[in-house]
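A.B. asks: what follows is a predicted protein model with its sequence.
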Amino acid sequence: MERSPLPNSPITGAAPNALALTTAVDAGLYWAALARGIATEEARAMAFLALVTANAVRIFASRSPHPGWHGMFTGQSQLALWVLLGTLVAVTVITTVLPAAATFGFAPPSVANWLLAVGVATLVLFIATKVVMPVAKK
């Protein structure tokens, strides 16, 4: 065989690296929260929030054909924007509304910890998707 049948496959492309980075960032955030004395239930909520946010950002950023920060917000369909918005609303409800959080074994994080989890996930994964592991578009 002259060339791989799946040259841009997520299996052979950047996806495994992004998955490894997502896992490392999420685990690091969880253990750092516990080391700072944050309750296990709140640390769990932060890790869940970071995981969902990171994946949403990674998918959203990788769907954009344009590099850089501004490129993330161009070329997206209305459906993609609604899916992203719905995902972020759902994760916000699950991590901030006490009955919903309790269903998942979470305690709602403080505003600072909530923003920390979202910020870490968004920044690290966006950089990974758009800068460190870009996949060539044809």
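C.D. replies: Here it is on my side, so go on.
A.B. asks: residues of the biggest helix by length in the chain that come out buried?
C.D. replies: Scanning the chain for the helix with the most residues, using DSSP state H, yields helix 40-63. Along helix 40-63, the positions that meet the burial threshold by neighbour count (16 or more other C-beta atoms under 10 Å) are 41-62. C-beta: built from backbone N, CA, C; applies to glycine.
A.B. asks: next: stretch 86-96.
C.D. replies: Taking 16+ other C-beta under 10 Å as the neighbour-count basis, stretch 86-96 is seen to contain the buried residues Thr87, Leu88, Val91, Thr92, Ile94, Thr95, Thr96.
A.B. asks: I'd like those written out as CSV, with secondary structure, distance to Ala24 and pLDDT added.
C.D. replies: CSV is the format used below for these (DSSP: H, G, I helix; E, B strand; the rest coil; distance: C-beta to C-beta, whole Å; pLDDT from 0 to 100):
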residue, secondary structure, distance to Ala24, pLDDT
Thr87, helix, 22, 90
Leu88, helix, 22, 87
Val91, helix, 20, 93
Thr92, helix, 24, 92
Ile94, helix, 23, 95
Thr95, helix, 21, 93
Thr96, helix, 26, 93
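A.B. asks: which two among these are spaced furthest apart?
C.D. replies: Using C-beta to C-beta, the buried residues of stretch 86-96 span at most 14.7 Å, a distance reached by Thr87 and Thr96.
A.B. asks: list the contacts of the closest residue in space to Thr87 that isn't next to it in sequence.
C.D. replies: Among residues not flanking Thr87 along the chain, Ala56 sits closest, at 4.9 Å (C-beta to C-beta, 6 or more residues apart in numbering). Listed by C-beta atoms under 8 Å, 6 or more residues apart in numbering, the contact set of Ala56 reads Leu84, Thr87, Leu88, Val91.
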